[in-house]
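Participant: quick one, structure for this:
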Amino acid sequence: QLEESGGGSVQAGASLRLSCVASAPTFNTATMAWFRQALGKEREFVAAISVNGLNTNYADSVKGRFTMSRVSTLSMNEVFLQMNILKPEDTAVYYCAARQAYDATSLTLPSYWRNWGRGTQVTVSP
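Facilitator: Residues are numbered from 1 along each chain as shown. Below you'll find the predicted structure:
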């Protein structure tokens, strides 16, 4: 029910825009997030956005470079991750996540999230 797209291979300093489509109407009332997992590392929090799109949270490593946004209609919910000034350390598989709740103290924990997409690969070369 969550499908990511927009990944690719770019050079450092470039930009990419990831998209996650949540097809079930129930996701219109879900908090959404982006996580990433580099090869051999644990999954880490990137960004989250509230149901109304007015509140966002970012990992310190991406603040000022990444922007999360969302668009919701009656039948579809889509979230975006605009990634600018990409660095080689941003290389990872990026996952979209959703949950029907908002707990600011738990957003960064992968275990908190109930729904996950399959991920999209982002590769940044020096």
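Participant: CA atoms for contacts and neighbours, from now on please.
Facilitator: OK.
Participant: what separation do you get for Phe27 and Val51?
Facilitator: Phe27 sits 9 Å away from Val51, going by CA to CA, to the nearest Å.
Participant: meant to ask about Asn57
Facilitator: From Asn57 over to Val51 the distance is 13 Å, taken as CA to CA.
Participant: of the two, who's got more company?
Facilitator: Using other CA atoms under 10 Å as the criterion, Asn57 and Val51 rank with Val51 on top: 21 against 18.
Participant: check which helix or strand covers the more buried one.
Facilitator: Here Val51 is covered by no helix or strand, with elements defined by DSSP states H and E.
Participant: in this structure it contacts Thr29, no?
Facilitator: Yes - look at Val51 against Thr29 with CA atoms under 8 Å: they come within range, at 5.6 Å.
Participant: quick one: Glu4 is in a strand?
Facilitator: Yes - when DSSP: H, G, I helix; E, B strand; the rest coil is applied, Glu4 is found to be in a strand.
Participant: need the contact list for the closest residue to it other than its chain neighbours.
Facilitator: Distances taken as CA to CA, 6 or more residues apart in numbering place Cys20 nearest to Glu4, at 4.3 Å, with adjacent residues excluded. By CA atoms under 8 Å, 6 or more residues apart in numbering, Cys20 lies in contact with 2-5, 78-80, 96.
Participant: swap in Gly53?
Facilitator: 69-70.
Participant: pull up the gap between the residue nearest to Glu4 and Val122, please.
Facilitator: The span separating Cys20 from Val122 equals 14 Å under the rule CA to CA.
Participant: same thing with Met68?
Facilitator: Taken as CA to CA, the spacing of Met68 relative to Val122 amounts to 16 Å.
Participant: higher neighbour count, these two?
Facilitator: Each of Met68 and Val122 has its neighbours counted (other CA under 10 Å); Met68 has more, 24 against 21.
Participant: how about the nearest residue to the most centrally placed residue in the chain, chain neighbours excluded?
Facilitator: Within the chain, the residue whose C-alpha comes closest to the C-alpha centroid is Trp34; the distance, by CA atoms, centre = their mean, is 2.1 Å. Residue nearest to Trp34 in three dimensions, not counting chain neighbours: Cys96, with 4.7 Å by CA to CA, 6+ apart.
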